[in-house]
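Participant: sequence and predicted model, in that order:
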Amino acid sequence: MTEQLLEKGMLLNGQWVQAEESFFVKNPATWENVGVVPSGTAAHAKQAVDAAASAFVTWSKATAYERAAFLERWFHVIESRLEEIARVMTQEQGKPLTEAIGEVRYANSFLKWYAEEAKRVYGEIIPASVGSKRLLVQKQPVGVVAAVTPWNFPAAMITRKVAPALAAGCTVVIKPAEHTPLTALLLAECAQEAGIPEGVINIVTTLHPAEVVDTWMEDSRVKKITFTGSTPVGKLLMRKAADTVKKVSLELGGLAPFIIAEDANLDEAVQGVMQSKFRNAGQTCVCANRIYVHENIKDEFLEAFTQAVADLRVGNGLDEGTEIGPLINEAAVQKVKRHLEDAQAKGAAVHGEAVLASSVGHFMKPIVVSNATDDMLCMQEETFGPLAPVSIYTDDAEVVQRANNTPFGLAAYVYTQSLQKAFFFSENLEYGIVGVNDGLPSVAQAPFGGMKESGLGREGGHHGLEEFLETKYVSLNLK
Ligand SMILES: NC(=O)C1=CN([C@@H]2O[C@H](COP(=O)(O)OP(=O)(O)OC[C@H]3O[C@@H](n4cnc5c(N)ncnc54)[C@H](O)[C@@H]3O)[C@@H](O)[C@H]2O)C=CC1
Ligand SMILES: O=C(O)[C@H](O)CS(=O)(=O)O
């Protein structure tokens with residue numbers, strides 16, 4: 001059923017603004033138009049920085065308690081519009097409504113958590129080596145922040161940046177992904193309803209990301225870039241940040257190993273790998289991308305896992321019972337097919353029908369391949385789709401070496417009932433996040449981020465607030 005077309009504007013200095021060009025937002029399940037938004041230009045990008053720089057003067061001088069109150073009010077307004085935002089998210093991104101509701105709650109948890117953490121930005125007094133001196137350390141907001149976000153978590157990837165930025169006293173300019181601008185604009189509507197002052201949050205939607213973001217990267221008033229998306233774009237932004245020495249936070253691609261040790265609780269391991277692999281149809285940067293199972297339990301695991309995968313229901317995210325929605329676009333479908341065909345050509349066994357579930361929409365049936373070997377594309381590149389490669393291993397040290405043999409280091413998982421193995425794996429896996437008997441580790445209060453080419457910095461927890469603060473040392477000579 002086609003719901004009403006959402007016609008939205010960009011948010012610049014508290015005003016909803018149109019542009020000469022606009023673009024339709026399409027539903028990946030039906031290819032129908034969900035909404036229409038402006039395609040912002042470099043001029044709009046500059047207006048956004050003008051607004052954020054002006055608002056920073058007052059916002060940064062508000063007390064932490066005043067900023068916290070705004071975040072709390074924003075949290076409650078989103079709560080009151082949760083179902084509406086989730087339905088729009090499902091229509092523009094495709095995830096099942098139950099997952100969209102879960103994501104809005106997850107996104108909102110960052111507002112709640114940073115409303116409290118804002119009040120805990122402590123400084124220090126350092127014992128002086130000169131009697132007449134007092135040495136103080138103060139934390140101050142970095143300034144105007146540019147946030148560039150992906151389509152796979154259209155709400156959480158915004159609040160995971162904006163909540164700590166505002167808590168710290170920064171103001172923001174945001175460019176959401178062109179596939180999913182509507183969720184971002186609804187969050188901004190909620191912020192306006194909560195009374196967050198004009199210019200504190202600005203959103204530029206566009207079909208020309210480089211034009212808008214390059215304007216921000218060249219503007220010395222923008223003190224920080226925070227980005228979630230692909231590693232190639234992350235590297236590009238990191239290079240551009242150097243010209244004005246901007247601070248950089250990057251959440252990039254992953255290639256998560258999911259290790260099932262010989263002593264694992266198999267029921268829990270199957271549940272965990274289903275959660276990790278198939279959330280958002282496999283379109284998350286922390287999805288299990290490589291499943292390593294000990295050879296002594298391979299058969300029992302495969303029997304249980306392939307059955308659980310076969311039971312997954314594929315369909316439109318708005319339909320009751322849907323567990324796997326469409327992929328975001330045709331390119332995503334082709335990438336999964338390329339990985340599947342490569343695996344088959346290199347000897348993988350395919351469990352299930354590797355066929356598209358529908359002629360309309362970017363649907364794919366979840367597929368398990370076994371006998372996976374490390375030379376396959378699906379074991380070397382992020383699939384970002386519902387393809388689960390299973391490989392066997394014999395020795396714990398061997399599988400750690402294989403798991404670490406990649407430029408990526410975002411999330412890793414291990415299922416074991418042994419404390420010794422839990423520590424062996426978690427301490428030796430070169431990943432920023434390790435789920436031990438936990439397929440869903442992401443929470444607002446803990447630091448989320450990658451090592452190696454999976455990113456820089458952390459989001460969530462008090463670590464995530466530090467990313468938006470400068471450390472100032474004040475030496476007081478009382479002589
Ligand atoms: N580590 C993480 O949390 C995440 C990583 N990713 C990775 O990103 C890929 C798919 O997500 P996409 O959104 O397609 O990634 P993407 O990197 O193409 O896009 C992410 C954002 O960057 C913008 N962008 C694209 N090219 C740009 C440019 N030249 N200058 C400035 N901004 C630009 C896009 O408009 C979007 O807002 C996957 O490979 C996935 O691994 C995606 C989501 C989360
Ligand atoms: O972009 C992503 O994939 C998210 O960071 C994953 S999570 O935070 O929802 O786990």
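Facilitator: Thanks, I have the structure now. Residues are numbered from 1 along each chain as shown. Ligands and ions are numbered 1, 2, ... in the order given.
Participant: host element of residue 185?
Facilitator: helix 181-193 (DSSP states H and E).
Participant: centre of the chain to that helix, how far?
Facilitator: 18 Å (C-alpha atoms, centre = their mean, to the nearest Å).
Participant: just list what it packs against, helices and strands only.
Facilitator: strand 10-12, strand 33-38, helix 64-80, helix 82-93, helix 156-168, strand 201-203 (3 or more C-beta pairs under 8 Å, 6 or more residues apart in numbering; DSSP states H and E). For every residue, glycine as well, the C-beta is placed using N, CA and C.
Participant: residue 136: which of the ones you listed is closest?
Facilitator: Of all those, it is helix 64-80 that lies closest to residue 136, at 17.5 Å by C-beta to C-beta.
Participant: buried sites along that closest one?
Facilitator: Neighbour counts using 16 or more other C-beta atoms under 10 Å place 64, 67, 68, 69, 70, 71, 73, 74, 75, 77, 78 of helix 64-80 among the buried residues.
Participant: could those residues go into a markdown table alongside distance to residue 476 and pLDDT?
Facilitator: Shown next, in a markdown table, are those (distance: C-beta to C-beta, whole Å; pLDDT from 0 to 100):
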| residue | distance to residue 476 | pLDDT |
| --- | --- | --- |
| 64 | 23 | 98 |
| 67 | 27 | 98 |
| 68 | 29 | 98 |
| 69 | 32 | 98 |
| 70 | 33 | 98 |
| 71 | 33 | 98 |
| 73 | 38 | 98 |
| 74 | 38 | 99 |
| 75 | 39 | 99 |
| 77 | 43 | 99 |
| 78 | 43 | 98 |
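Participant: pull the CA atoms of stretch 344-356 into CSV?
Facilitator: This file holds the C-alpha atoms of stretch 344-356, laid out as CSV (Å, rounded to 0.1, in the frame of the first residue of the first chain):
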residue,chain,number,x,y,z
GLN,A,344,30.8,-21.8,-5.9
ALA,A,345,33.5,-21.6,-8.5
LYS,A,346,36.1,-22.2,-5.8
GLY,A,347,34.4,-25.3,-4.3
ALA,A,348,31.8,-24.1,-1.8
ALA,A,349,28.7,-26.1,-1.2
VAL,A,350,25.5,-24.1,-1.3
HIS,A,351,22.7,-24.7,1.2
GLY,A,352,19.4,-23.3,-0.1
GLU,A,353,18.2,-21.7,-3.3
ALA,A,354,20.4,-18.9,-4.4
VAL,A,355,17.5,-17.2,-6.2
LEU,A,356,15.9,-13.8,-5.9
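Participant: what's it in contact with?
Facilitator: By C-beta atoms under 8 Å, 6 or more residues apart in numbering, the residues outside stretch 344-356 that reach it are 302, 306, 309-310, 333, 337, 340, 343, 363-373, 375-376, 389.
Participant: please spell out the ChimeraX selection for the buried subset of the residues you listed.
Facilitator: Listed next is the ChimeraX selection for buried residues among the contacts of stretch 344-356, using 16+ other C-beta under 10 Å:
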select :302,306,309,333,337,340,343,363,364,365,366,367,368,369,370,371,372,376,389
